[in-house]
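A.B. asks: kindly generate the corresponding structure for this input.
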Amino acid sequence: MFEVPEEQFAPAPMGFPPMMDDMDSLFDGLEPPDMFSESFGMMPGSPEIPEEAPIVLQGRDLERFTWRVQQSLARAKVKMKKIHADAKLDRMVYKNAEREQEYPGQPNITTPLSSNKADGLLSHVVDAMEHRPYASFVPEGIGSPAEKAAQVAPVCSAYLEREINRGGSRERLIREMSKEAIQVGTGIGKLAMVQHPSGEWFSTVVDIVKLEHFYVDRVAVPNLKHCFTAYEERVPFYQLQEMADMGLIDPDALEKVRGLSTTVLTPTAEEEESEFREDSHAYQEETAIHKVYYCYMRYRAEGAATAELYEAIFVDHTQTLLSCGLNSVRHAFDHPPLALHRIGKQAKHLFGRGIMRRMDSIQQMADNAINSHLALNNLAASPPFLYRQNSPFGRLMSSDRRIVPGIGIPTLNDPNRGDVQMLDFNNPGLSLQDISVATGFADKATFTEEAIGTQQGGRKTLGQFRVEMQRGTMRVRLDLGDLAYDASMTCTMMWAMMMAYKIKPKGIVEVEDGGKLLATRDIYEEEITQKMDAIIMPMVERGQVGLQDLMEFEEEFNKRLTEDMIPSARRSDLTIYVTGTKIIADKAAELEMLNELTPLILQGIELMKQDSYFNYHVRSIIEAMGFKDVEKRIPNDPGVVLEDPAQRQALGAPLADTITHSSNMV
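C.D. replies: Sure thing, here's the model as predicted:
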């Protein structure tokens with residue numbers, strides 16, 4: 001659950017102390033006004049965690065809320081069934097799990113084509129997004145406001161970077177959520193405030209929720225704000241008991257759940273791999289694993305002016321509500337504390353479409369090709385047999401439309417009073433050489449046994465399938481754009497939590513000890529000077545502060561003012577963007593780009609030899625494309641500038657015609 005210490009919300013003192021040991025007392029004394037009532041409509045001027053019961057609704061309100069949670073969760077389970085099945089299959093394909101066999105001994109190899117492309121895209125994403133700072137504040141607007149925002153942006157970026165690093169969110173943001181998005185289309189991060197060993201609290205991504213454990217009752221919506229949202233967690237009973245002791249869940253409701261988890265829970269994919277089995281019975285009541293659902297739903301209580309976002313802990317198999325209260329991060333944003341990172345997404349649709357799902361048809365074709373030819377090799381490696389030539393089986397063997405199951409030896413007489421007699425030889429199975437032969441067959445043939453050794457234009461080889469799979473990585477620019485947008489939204493949510501629970505309660509905080517400051521508003525030098533005069537001058541008159549002390553105070557003020565300005569922590573003229581933009585194309589994309597651009601580059605080089613105008617612009621294009629040692633590969637500036645526009649147009653006509661007919665332009 002979301003927890004913030006009460007001391008975090010202590011309001012800044014209204015007055016100044018009579019004596020000051022350092023300048024922190026002065027800055028702490030500057031109480032900022034409530035500038036955020038518009039940005040955070042539900043956030044009070046001095047946010048505090050209410051001391052209330054785990055279940056805040058009573059009577060008919062509670063009954064109606066519980067019924068809506070039951071109905072919404074049941075509907076969400078139906079809506080998510082197909083999505084969960086697809087996600088489970090995607091993970092199996094990524095792990096190269098064996099396919100389901102149609103008959104005993106059937107080859108069931110899963111080729112690693114899709115998983116290789118998923119790992120390739122993940123490496124591109126990590127390389128592109130592993131920048132410091134991870135996210136930057138970009139000023140918006142024009143004129144003087146934009147100039148002030150540009151001064152503020154680096155300090156805000158540094159503070160957010162410190163939050164991401166010290167809170168432990170960097171790896172989850174860059175690797176874990178991106179890997180989930182690449183595999184199943186959607187990575188789901190859970191945001192919360194956590195306490196560092198130093199005692200400081202941080203907004204961070206505390207966990208990654210698997211798509212198979214996530215439920216929504218409406219899929220075709222732009223965000224999670226206005227739909228029922230839930231995720232599943234498996235919690236031992238003793239942990240639920242601890243939560244009840246802390247007042248997070250209702251102890252009376254927990255007693256209804258005690259001892260009722262008597263069924264074998266369906267194991268997760270990881271548990272299946274480790275052959276894990278969790279069974280609950282009377283002798284392990286304290287360690288019994290209970291499946292609970294953390295639910296978020298908008299609800300309008302009787303007498304309330306508007307609907308508000310509630311969160312609840314619900315036990316489905318006993319239909320028990322363990323807790324029910326307002327959203328714990330409502331002071332920061334009116335949205336569940338869940339962030340979605342997606343690729344292959346569509347407008348107004350919650351979930352994306354990962355690499356495994358995009359490559360599904362090509363993956364199946366490649367698997368069918370290799371397994372079909374492994375099956376043929378199994379037949380070819382079967383033990384030899386004798387058969388009667390004039391029998392029905394013998395006539396089938398002499399037909400052109402048949403599969404030869406191993407080596408057949410024809411005879412004129414009945415071998416041992418039967419049409420077919422197997423010769424007893426031990427079959428050691430396929431060796432590595434046999435598998436390589438099968439791969440060679442798959443490269444040369446299609447999916448039908450009769451097509452071995454034939455070549456037709458409509459068929460694709462296994463090698464061609466691998467080329468088709470390159471499309472999974474050639475979308476890297478679009479996929480990275482999707483992830484960057486969603487990551488920016490996540491950073492915005494983290495920043496809102498920092499504002500509500502760290503910066504605003506304190507008024508002013510430092511990015512680092514003795515470093516630049518962040519405030520909830522702009523504080524100007526004249527204002528601080530007036531405050532200083534009101535406090536320091538009486539102390540000077542009383543002889544409590546000497547001239548040397550006054551000079552030290554003045555120096556400290558100048559240092560703390562950070563170039564005469566304390567930047568505001570929350571401004572409407574700043575937008576958060578993910579910093580990483582670097583993309584490295586894979587070999588297929590490089591080859592395609594090279595084939596596409598070679599005619600243009602060759603013609604451009606010829607023009608560079610004749611006109612300084614073309615020399616400058618083609619040089620700029622080649623440098624922007626990332627080619628190394630440009631000066632060694634292109635001609636020097638000829639120093640000739642064609643003055644006649646018609647002459648220059650005629651000179652560049654072949655290049656213009658090539659560009660016009662390029663596949664990227666048609």
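A.B. asks: ramachandran coordinates for residue 609?
C.D. replies: phi -80, psi -20 (degrees, to the nearest 10).
A.B. asks: do I have it right that it meets residue 640?
C.D. replies: No. With the criterion set as Cβ atoms under 8 Å, residue 609 and residue 640 do not qualify as a contacting pair; they are 9.3 Å apart. Using the backbone N, CA and C atoms, a C-beta is placed for each residue, glycine as well.
A.B. asks: neighbour count: these two, which is higher?
C.D. replies: Neighbours of residue 609 and residue 640, each counted by other Cβ atoms under 10 Å, are more numerous for residue 609; the result is 14 against 11.
A.B. asks: ok, the nearest residue to that one once chain neighbours are set aside - how many residues close by?
C.D. replies: If you skip the residues right next to it in sequence, residue 609 has residue 635 as its closest partner in space, 4.9 Å away by Cβ to Cβ, 6 or more residues apart in numbering. Counted with other Cβ under 10 Å, residues neighbouring residue 635 total 14.
A.B. asks: can you name the helix or strand that residue 635 falls in?
C.D. replies: In the assignment (DSSP states H and E), residue 635 maps to no helix and no strand.
A.B. asks: domains for the chain, by residue range?
C.D. replies: Structurally, the chain divides into domains by automatic domain parsing as follows: 380-473, 587-660.
A.B. asks: ranking the ones you listed by mean pLDDT, which is last?
C.D. replies: Between the domains of the chain, the lowest average pLDDT goes to domain 380-473, which shows a mean of 64.
A.B. asks: what does the helix or strand hosting residue 150 contact?
C.D. replies: Under the criterion of DSSP H and E, residue 150 resides in helix 143-167. Outside helix 143-167, the residues within contact range by Cβ atoms under 8 Å, 6 or more residues apart in numbering are 132-141, 169-170, 173, 194, 196, 200, 202-204, 491, 494-495, 498, 511-512, 516, 518, 522, 562-563, 565, 567-569, 571, 573-574, 576.
A.B. asks: just the buried positions in that helix, please.
C.D. replies: Applying a neighbour-count criterion of 16 or more other Cβ atoms under 10 Å, the buried positions in helix 143-167 are 148-149, 152-153, 155-161, 163-164, 167.
A.B. asks: reformat these as a markdown table; add pLDDT and distance to residue 73.
C.D. replies: What follows is these, written out as a markdown table (pLDDT from 0 to 100; distance: Cβ to Cβ, whole Å):
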| residue | pLDDT | distance to residue 73 |
| --- | --- | --- |
| 148 | 79 | 48 |
| 149 | 82 | 44 |
| 152 | 83 | 44 |
| 153 | 88 | 43 |
| 155 | 88 | 44 |
| 156 | 90 | 39 |
| 157 | 91 | 40 |
| 158 | 90 | 43 |
| 159 | 91 | 39 |
| 160 | 93 | 35 |
| 161 | 94 | 38 |
| 163 | 92 | 34 |
| 164 | 94 | 33 |
| 167 | 90 | 31 |
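A.B. asks: now render these as TSV, adding distance to residue 619.
C.D. replies: Written out in TSV, the entries for the buried residues of helix 143-167 read as follows (distance: Cβ to Cβ, whole Å):
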residue	distance to residue 619
148	38
149	35
152	38
153	33
155	38
156	38
157	34
158	37
159	41
160	38
161	36
163	43
164	39
167	46
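A.B. asks: circling back: quick one: the helix holding residue 150 to chain centroid distance?
C.D. replies: Using Cα atoms, centre = their mean, to the nearest Å, we find the averaged C-alpha position of helix 143-167 to lie 24 Å away from the chain's own average C-alpha position.
A.B. asks: next secondary structure after it?
C.D. replies: Past helix 143-167, further along toward the C-terminus, the next helix or strand under DSSP H and E is helix 170-171.
A.B. asks: give me the buried positions along the longest helix along the chain.
C.D. replies: With DSSP state H setting the assignment, residue counts place helix 59-94 as the longest helix in the chain. The neighbour-count criterion (16+ other Cβ under 10 Å) identifies 61, 65-66, 68-69, 72-73, 76, 80, 83-84, 86-87, 90-91, 93-94 as the buried residues of helix 59-94.
A.B. asks: how about stretch 211-220?
C.D. replies: By neighbour count on 16+ other Cβ under 10 Å, the buried set for stretch 211-220 is 211, 212, 213, 214, 215, 216, 217.
A.B. asks: residue 295 in helix, strand or coil?
C.D. replies: Here residue 295 takes the strand state, with states given by DSSP: H, G, I helix; E, B strand; the rest coil.
A.B. asks: would you map the helices across the stretch 251-400 of the chain?
C.D. replies: Listed in chain order, the helices of the stretch 251-400 of the chain (DSSP state H, counting those that start in this stretch) span residues 251-257, 269-273, 355-358, 360-380, 392-398.
A.B. asks: what's the fourth one packed up against?
C.D. replies: This means helix 360-380. In terms of contact count using 3 or more Cβ pairs under 8 Å, 6 or more residues apart in numbering; DSSP states H and E, helix 360-380 is assigned the packing partners helix 113-129, helix 432-444, helix 462-469.
A.B. asks: how about the last one?
C.D. replies: Using 3+ Cβ pairs under 8 Å, 6+ apart as the contact criterion, the neighbours of helix 392-398 among helices and strands are strand 385-388, strand 408-411.
A.B. asks: now do 6 Å
C.D. replies: With contacts defined as 3 or more Cβ pairs under 6 Å, 6 or more residues apart in numbering; DSSP states H and E, helix 392-398 has these neighbours: strand 385-388.
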